[in-house]
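**Student:** Provided below are the primary sequence and the corresponding predicted coordinates.
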Amino acid sequence: MKKLLIMLTATILVLTVATIVVAVTTGPEEIKYTPKMGTVTFNHSAHQNQADCVTCHHTGDYAQCKSCHGVDPKAPKAKNAYHQSCKECHKEGGKGPTKCKECHIK
Ligand code: HEC
Ligand code: HEC
Ligand code: HEC
Ligand code: HEC
């Protein structure tokens, strides 16, 4: 019985550690969006040096933006959310593309 308990505890511990490792994953290196307007290539890892995670992942989780934007009526439409998030920072910092065809490449 005691042995079983120790084994159970050990298993739970391993599972907990695994969950923590998954929780801090930094996500994909690069993300490509392919709207009709033209492909947008987002270098996610380079952008991780530009701001804290929660600047972009503003809800503190790492769910896809479209899991709320375009679904939750309180959230702005996906297109507007991306444009605001991306362009605002590029404008403010004076770095990064702000013109349509600098982001949307055909
Ligand atoms: C400049 C903005 C920005 C920063 C900073 C940023 N991310 Fe992201 N991240 C994004 C965008 C945009 C996506 C794509 C999500 C989408 O389009 O639904 C993404 C995707 C992800 C995903 C994949 C989500 C999924 O389910 O596909 C994870 C995980 C993630 N980011 C973690 C992080 C972590 C951890 C940090 C900080 C070390 C970070 N991100 C910093 C913008 C950012
Ligand atoms: C869990 C749901 C959820 C996720 C995931 C989410 N958002 Fe949002 N977002 C919201 C809601 C709700 C609002 C409106 C209320 C608010 O401002 O918090 C919002 C507002 C915004 C705004 C407008 C903020 C302002 O100041 O008016 C931007 C820009 C934005 N989100 C971008 C993003 C981007 C980019 C992602 C993905 C990296 C993302 N959101 C992921 C729910 C979400
Ligand atoms: C918190 C600020 C911030 C946010 C948010 C942000 N960027 Fe940027 N981005 C930058 C900066 C700063 C640069 C310039 C980096 C350099 O020149 O060293 C840049 C450069 C770029 C570039 C050109 C260089 C490259 O990486 O290919 C593209 C394309 C780009 N961003 C796309 C996006 C997209 C798409 C989003 C939204 C999903 C986004 N960015 C959100 C700060 C930001
Ligand atoms: C900083 C990069 C950036 C700039 C600048 C930018 N966009 Fe976007 N745009 C995006 C991203 C990222 C998406 C989200 C793509 C997706 O959801 O597949 C998007 C989505 C769109 C969509 C929606 C496509 C769809 O199928 O839902 C349209 C239309 C669009 N952009 C037009 C424009 C126009 C017009 C301009 C210039 C006034 C512009 N964009 C400037 C990054 C940018």
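**Tutor:** Nice, I can see it. Ligands and ions are numbered 1, 2, ... in the order given.
**Student:** Name the SS class of Phe42, please.
**Tutor:** Classification of Phe42 using DSSP: H, G, I helix; E, B strand; the rest coil returns strand.
**Student:** Go ahead and confirm it touches Tyr33.
**Tutor:** Yes - using CB atoms under 8 Å, Phe42 is in contact with Tyr33, at 7.1 Å. Backbone N, C-alpha and C define where each C-beta goes, glycine included.
**Student:** who touches both of the two?
**Tutor:** Residues touching both Phe42 and Tyr33 by CB atoms under 8 Å, 6 or more residues apart in numbering: none at all.
**Student:** Now the residue in the chain that ligand 1 sits nearest to: phi and psi?
**Tutor:** Minimum separation of the chain from ligand 1 (CB to the nearest ligand atom) falls at Gly27, amounting to 2.5 Å. Dihedral pair for Gly27: phi 80, psi -170, per degrees, to the nearest 10.
**Student:** count of residues packed around it?
**Tutor:** 11 (other CB atoms under 10 Å).
**Student:** contacting residues for it?
**Tutor:** Gly27 sits in contact with 44, 62, where contact means CB under 8 Å, 6+ apart.
**Student:** do stretch 27-38 and ligand 2 meet at all?
**Tutor:** No - Stretch 27-38 is not in contact with ligand 2 by CB under 6 Å from any ligand atom; minimum separation 9.8 Å.
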